[in-house]
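Engineer: no FASTA, just this:
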């Protein structure tokens, strides 16, 4: 028999316990470099990344993700601990981020999408941005056949994309796009392609390139790591490599059997490449279902990261560790955010 009000009391007690308990943060990055257009807020400049690391060195206790996972298992989470993570496996994680991590002696985990190792093409969302969000003119209508269903976009005034409009969109996220704008068109096409399996999405990407008169290639600042670069990334022991699936799927949109294959194969790919166990995982897009979570320990991982924004404390699920996404903030703004995150 449930006592009236017991649920509310239990929640209040947990809030008090959390407030008093040691808490840690996991930070999520993607790229360190310069980006003229960044519709997803994935890029932090080297200058701002260095400033952020300086803040972490002064005002937190930087540890690796695996150290945090072990401390969580042992019930000994250090106060103000912070673990840095990177998603996807961009080459700038090695060439721009690692030297700065070494300068400040701060560890990090890089989650690699194994199907993109050595790819001659950009990640699909970057390629779509390159093709659809460059100033100039596109055909007036895009038609795609997706799983037997026809999708059409009439570009209207967005067919011509001026330098002025491009300059305006540089300061917006994709979901902030004005209706009828080129950025809104990009976001709508992205939403259509995102849940699709890679083998379905790739031909559609090719169709879009043909429609736009564009070529497939990888910009040097957007490319993913080569196999030898992943080896270099690990050298010195400061950076851990984790798994991020094979094709970066929107996991909840796929059958459990496909999810399991993506998760297990990415682990196997990296273990074959690096000749040691891979124990950290991150969900692509932070997306997963209730059926996904048990697949992580089943595959042999010791922790997994989501994109739910919250602190890590003793009652956190280490297969659904929360993370805070970091954007291109200067030192003052980042310090302000860090304190706000620690204080809940």
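Structural biologist: Here it is on my side, so go on. Just so we're clear, the structure is a prediction, and the values are computed from it rather than from any experiment.
Engineer: same question for the strand ranked longest in the chain, mean pLDDT?
Structural biologist: Selection of the longest strand in the chain by residue count, based on DSSP state E, yields strand 81-88. Taken as a whole, strand 81-88 carries a mean pLDDT of 98.
Engineer: ok, residues contacting the next helix or strand after it?
Structural biologist: Along the chain past strand 81-88, the next helix or strand (assigned with DSSP states H and E) turns out to be helix 92. Applying CB atoms under 8 Å, 6 or more residues apart in numbering, the external contacts of helix 92 come out as 31-33, 221. Where you see a C-beta, it was placed from the backbone N, CA and C, and this is true even at glycine.
Engineer: how does it look with 10 Å?
Structural biologist: Identification of contacts with helix 92 by CB atoms under 10 Å, 6 or more residues apart in numbering yields 30-34, 43-44, 46, 86, 98, 220-225.
Engineer: where do the helices sit along the stretch 151-300 of the chain?
Structural biologist: With helices called from DSSP state H, counting those that start in this stretch, the stretch 151-300 of the chain shows them at 163-169, 182-193, 198-212, 227-234, 256-274, 295-299.
Engineer: okay, the ones you listed in JSON lines with mean neighbour count and mean pLDDT next?
Structural biologist: Below are the helices of the stretch 151-300 of the chain laid out as JSON lines (neighbours: other CB atoms under 10 Å; pLDDT from 0 to 100):
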{"stretch": "helix 163-169", "mean neighbour count": "14", "mean pLDDT": "95"}
{"stretch": "helix 182-193", "mean neighbour count": "19", "mean pLDDT": "98"}
{"stretch": "helix 198-212", "mean neighbour count": "15", "mean pLDDT": "97"}
{"stretch": "helix 227-234", "mean neighbour count": "17", "mean pLDDT": "98"}
{"stretch": "helix 256-274", "mean neighbour count": "18", "mean pLDDT": "98"}
{"stretch": "helix 295-299", "mean neighbour count": "17", "mean pLDDT": "98"}
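Engineer: next, format these as JSON lines and append distance to residue 175.
Structural biologist: Below are the helices of the stretch 151-300 of the chain laid out as JSON lines (distance: least, CB to CB, whole Å):
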{"stretch": "helix 163-169", "distance to residue 175": "12"}
{"stretch": "helix 182-193", "distance to residue 175": "6"}
{"stretch": "helix 198-212", "distance to residue 175": "20"}
{"stretch": "helix 227-234", "distance to residue 175": "31"}
{"stretch": "helix 256-274", "distance to residue 175": "26"}
{"stretch": "helix 295-299", "distance to residue 175": "28"}
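Engineer: in what helix or strand does residue 145 lie?
Structural biologist: Per DSSP H and E, residue 145 falls inside strand 141-146.
Engineer: in that strand, what counts as buried?
Structural biologist: Using 16 or more other CB atoms under 10 Å as the test for burial, strand 141-146 gives 142, 144.
Engineer: neighbouring strands - and their directions - for that strand?
Structural biologist: strand 149-154 (antiparallel) (DSSP bridges).
Engineer: in this structure, which helix or strand is least confident?
Structural biologist: helix 6-20 (a mean of 64; mean pLDDT, DSSP states H and E).
Engineer: please identify which of the contacts of helix 92 is nearest to residue 138.
Structural biologist: residue 222 (20.5 Å; CB to CB).
Engineer: surely the closest one touches residue 91?
Structural biologist: Yes. Counting by CB atoms under 10 Å, residue 91 is a contact partner of residue 222 at 8.6 Å.
Engineer: what is in contact with these two at once?
Structural biologist: 31, 33.
Engineer: what are the pairing partners of the longest strand of the chain, and which direction each?
Structural biologist: Counting by DSSP bridges, strand 81-88 is paired with strand 24-29 (parallel), strand 61-62 (parallel), strand 108-112 (parallel).
Engineer: buried ones in stretch 324-336?
Structural biologist: Counting neighbours by 16+ other CB under 10 Å, one finds that the buried residues in stretch 324-336 are 324, 326-329, 334-335.
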